[in-house]
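K.L.:
Got a predicted structure plus its sequence, pasted below:
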Amino acid sequence: MLKFINVKKQKSHAVVSIFLFRFKFRIKLRKQIGSPVIIIFGPIGMGDYMLCRSFFKYIKTVPKYKNAYIVYVGRNIYNEFVTTYDSEYFNEIIDYDTLKLKSFLYRKSLLRKINSYKPDVFFSTNPILNNSSKIKNFISIYKGVNARDKYIGYIEDENFDKKLFNHIIYYDKNQGYIFETDRVRKEFEQFLDIKIPEELTELKMPLESEKKHIAISFFASDSTRMLSVSKWAEIINYITKNTSDNTEIIFLGTKTERRHLNPLFFELDSPERCVNLAGKLGISLIPIILKSCEFLISVESGNVHIAHEVGCKTICLSGSTAYGRFHPYKDNIVKYIYPEKFKELIKKFPEKLNIIGYLPPPDLFFSVNDINIENVKEEIGKLIYNKT
């Protein structure tokens, strides 16, 4: 039977076909995220954050928040710290700048971003205090958040409009002040309706210091410099086969790159020895991490240049793109591995190849995937067994 009306939903619009005519209708699609959505509005100071960070892990232990989508909104000055050490507790981390909060337009922009998640719960970990000018900058945000349940701790300010929150967690100042960690614990206990044990908190470092580490930099900004998943798997399986369980493979990268590593993990013989740090490290920590690694294996990317600066031995898998401009370094810190045919051209026409620039012509283009992986294994073996 002939269909006169047909509807197809695409990424940003729907296409309706009526007989010979086609119409596009723009539709706004909400992100497919968990439920309920919780916005945690972070404290002003770094010290305040440190005193409440140990309680975030309890949120998803509560049945009603088991599948919650948690967005942490914190100050930009400690955003990198939150990302590095506590990102496992949050689905997303966004930041705000207290210096810009005086601007009405900036507050509106931040509020619009918060409300775009259609939050069910809003929990401000900034307690209400007397004469807190910084908190006053948040009032318009508190007023404008569209959430069913809004929580905040309350200590002293009698002038605060209590109607802004339908869940106010009181602290009895007449009993004398208690240490802030204990006050925050009581706040989270009331928020989650559970008893939280008193325990020594610990800041876990990204890497276990008693183990050896080999770094992998999987991604490059240019797809022509990317090595296939199957070839990466062959390289990493060679490493785990030729090293003890005391050696871990760590993956560096950005948050957006993190999920793209999943297909690789399915092809690894020992995925339990691999640590995916992509998206969990601020870029300022990369030099420290590389400095402590045995060596780095990478496609031609920014991490190679960071490794070179800190003296981390590196095996760089390169094609002909950007030859002579971005590689090779003229020292022995970075060992470059090229496709065999390109190596032959380098020997024959060094002057010509040294000026090909960023994008080589077709007759001089060689992909990183043309590299013989046996050559890579040979160089890795030299570093593993300390052969020169």
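P.N.:
Here it is on my side, so go on. Numbers count the residues shown, from 1 in each chain.
K.L.:
When you work out contacts or count neighbours from here on, use the C-alpha atoms and nothing else.
P.N.:
Will do.
K.L.:
Doesn't Phe123 lie inside a helix?
P.N.:
No - read with DSSP: H, G, I helix; E, B strand; the rest coil, Phe123 is strand and lies in no helix.
K.L.:
Okay, it and His167: tell me how far apart.
P.N.:
9 Å (C-alpha to C-alpha, to the nearest Å).
K.L.:
Of the two, which one has the most company?
P.N.:
Phe123 (22 against 17; other C-alpha atoms under 10 Å).
K.L.:
ok, that one - contacts?
P.N.:
38-41, 150-152 (C-alpha atoms under 8 Å, 6 or more residues apart in numbering).
K.L.:
so what sits against both of Phe123 and His167?
P.N.:
150-152.
K.L.:
Of those, just the buried ones, PyMOL syntax please.
P.N.:
Only the buried entries of the shared contacts of Phe123 and His167 go into this PyMOL selection, using 16 or more other C-alpha atoms under 10 Å:
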select buried, resi 150+151+152
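K.L.:
which parts of the helix or strand containing Asn262 are buried?
P.N.:
Here Asn262, judged by DSSP states H and E, is contained in helix 262-265. Buried positions in helix 262-265, judged by neighbour count with 16+ other C-alpha under 10 Å: 264-265.
K.L.:
List of residues touching that helix?
P.N.:
Residues contacting helix 262-265 (C-alpha under 8 Å, 6+ apart): 229-230, 232-233, 271.
K.L.:
for those, which one is nearest Leu200?
P.N.:
Checking these against Leu200 with C-alpha to C-alpha, the nearest one is Pro271 at 31.1 Å.
K.L.:
List the residues that contact Val37.
P.N.:
68-71, 117-121.
K.L.:
try 7 Å this time
P.N.:
Shown in contact with Val37 (C-alpha atoms under 7 Å, 6 or more residues apart in numbering): 68-70, 119-121.
K.L.:
Name the member of those that has the highest neighbour count.
P.N.:
Busiest of the contacts of Val37 [other C-alpha under 10 Å] is Ile70, holding 25 neighbours.
K.L.:
need the contact list for it.
P.N.:
When contacts are counted by C-alpha under 7 Å, 6+ apart, Ile70 touches 37-39, 90-92.
K.L.:
same question, Thr181
P.N.:
Here Thr181 is in contact with 51-52 (C-alpha under 7 Å, 6+ apart).
K.L.:
And it, how far from Phe266?
P.N.:
For Thr181, the distance to Phe266 - C-alpha to C-alpha - is 42 Å.
K.L.:
pLDDT score for Asn354?
P.N.:
If you check Asn354, the pLDDT there is 59.
K.L.:
ah, wrong one, I meant Ala322
P.N.:
80.
K.L.:
Need phi/psi at it.
P.N.:
Phi and psi for Ala322, reported as degrees, to the nearest 10, are phi 70, psi 20.
K.L.:
Can you get me a residue count around it?
P.N.:
Ala322 sits with 20 neighbouring residues when counted by other C-alpha under 10 Å.
K.L.:
for Pro127, same thing?
P.N.:
Pro127, neighbours per other C-alpha under 10 Å, totals 20.
K.L.:
again with Ile288
P.N.:
Look at Ile288: counted by other C-alpha under 10 Å, it has 12 neighbours.
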